[in-house]
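> Coordinates for the following, if possible.
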Amino acid sequence: MLTKPQIHLASIFIKIFYRDRQSLFFSLLFPLIFTCIFLFSGGEPNPTKLGLVNQSQDALSFKFVELVKKEKTFLVKEGSESELKEELISADQTAVIIIPETFNQSPNPGKLRLLLDASQVRQVDAIKDSLKATLLSIERDIRNIEPMFSLQLEDVKSRPQRYIDFLLPGILAYMLMNLCIAGSGFNIVEYRRRGILKRLFVTPIQPKDFIISIVLARMFIILIQLSVILGLAIGLLKINIIGGLLPLYGVILFGAFIFLCVGFFLGSLAKTQESIRPLVLLFTFPQLILSGIFFPISSLPSFIQPVASGLPLSVIASTMRNISNDGAALFAINFNFLGIVFWIFFSFFIATKFFVWQKVAS
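Okay, here's the model as predicted:
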């Protein structure tokens, strides 16, 4: 049960935050910028810029060019070989296909030349695979050949899922982590520098009372910030939260508690604002890569997956994604739920154990 001093102190922290207009401005501006970068991009891949050089100039080559132009995966531009090579070097084109003069000759019609810039070497396999699949389809259209096999997709969930539907829960979880750590770890260092903690030290307030109070205050602020993002996603991007908003907000509250406590721990270790930055980066950056924010954890090497799945950001992001995309229950007993329970107790333990009013933890 919350005590009156905890609730009173939490209200004071909320007032302090909203009286700081600069912090208020940037705390609301940051989520909006983050949304514009990651959400309004839609997460959909852009078409490959493809240059076409037709050296054959016969009926078959013209038909080939028209069929390539119809492919949605390519943004086609015709031109001369020298012109398109220059654009390729300047990165205005991703690839260039040259149709040889012997394109319509039998039995050796000649080979299509594919030009790629050396800077695009990491994309070579993906581009070649995409071109081969497209060329095979075009060849069938030209020869009027029906494919021997066809693939029919049946969605067992009876609903389409876009990449943005996968991306949003991870982005929310990552923003939650950053907002919480910035709102606790950096604040602790600042409160210590300004002597606020020193003055609180002589009051009957215990470390757990202080931590619970600021957790309540920051939870209130973070819920407002993430609600802005959710509102934009649902209203503008037509995101459908299958499991409902209530379970999703439940995970947000659990995640906020975990990351705020971690922020207290990091703030207790740091001496200055400069020293806490590398500590925060050391905690957040590996999780950005390993926690399945932009791609599934299953795509990581098998020996890393168990560690990656147990990270605090992983269990929060995975639970939010299961609720949002699959309609999972909040308190379903599974690995992610057990991970959340573990990090709640562990983070609160290290936050209260290492919390110091005046000096930094040694």
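> in this protein, which helix or strand is least confident?
helix 21-38 (a mean of 62; mean pLDDT, DSSP states H and E).
> following it, which helix or strand shows up next?
With elements assigned by DSSP states H and E, the helix or strand that comes after helix 21-38 is strand 48-54.
> okay, stretch 335-352 in CSV with CA atoms only?
Only the C-alpha atoms of stretch 335-352 are listed here, as CSV (Å, rounded to 0.1, in the frame of the first residue of the first chain):
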residue,chain,number,x,y,z
PHE,A,335,8.8,-17.1,-20.4
ASN,A,336,8.2,-13.3,-21.0
PHE,A,337,5.9,-13.0,-18.0
LEU,A,338,8.4,-14.8,-15.7
GLY,A,339,11.1,-12.5,-17.1
ILE,A,340,9.0,-9.4,-16.2
VAL,A,341,8.5,-10.7,-12.6
PHE,A,342,12.2,-11.4,-12.2
TRP,A,343,13.3,-8.0,-13.5
ILE,A,344,10.7,-6.2,-11.3
PHE,A,345,12.1,-7.8,-8.1
PHE,A,346,15.7,-7.7,-9.2
SER,A,347,15.6,-4.0,-10.4
PHE,A,348,13.9,-2.9,-7.2
PHE,A,349,16.5,-4.8,-5.1
ILE,A,350,19.5,-3.2,-6.8
ALA,A,351,17.9,0.2,-6.8
THR,A,352,17.3,0.2,-3.0
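> Tell me which stretches of the protein form helices.
Assigned by DSSP state H, the helices in the chain fall at 4-19, 21-38, 59-70, 81-89, 124-143, 163-193, 196-201, 207-236, 245-269, 273-290, 305-309, 312-326, 335-354.
> looking at those helices, which is closest to residue 95?
Taking C-beta to C-beta, helix 124-143 is the member of the helices of the chain nearest to residue 95, at 5.5 Å. C-beta coordinates here come from the backbone N, C-alpha and C atoms, glycine included.
> about what we covered before: out of the helices of the chain, indicate the one that is most buried.
Among the helices of the chain, helix 312-326 has the highest mean neighbour count (mean count of other C-beta atoms under 10 Å), at a mean of 24.
> next one: that helix to chain centre, how far?
Offset of helix 312-326 from its chain centre (C-alpha atoms, centre = their mean, to the nearest Å): 12 Å.
> so it versus helix 207-236, what angle?
Using axes from the mean of the first three to the mean of the last three C-alpha atoms, to 10 degrees, the inter-axis angle of helix 312-326 relative to helix 207-236 is 40 degrees.
> Just name whatever secondary elements helix 312-326 is in contact with.
The contact analysis (3 or more C-beta pairs under 8 Å, 6 or more residues apart in numbering; DSSP states H and E) places helix 312-326 against helix 163-193, helix 245-269, helix 273-290, helix 305-309, helix 335-354.
> lowest-confidence stretch among these?
With a mean of 80, helix 163-193 has the lowest mean pLDDT of those.
> before we move on, the earlier item: adding distance to residue 11, write the helices and strands packed on helix 312-326 out as CSV.
Shown next, in CSV, are the helices and strands packed on helix 312-326 (distance: least, C-beta to C-beta, whole Å):
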stretch, distance to residue 11
helix 163-193, 16
helix 245-269, 17
helix 273-290, 26
helix 305-309, 38
helix 335-354, 21
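> Understood, closing this out.
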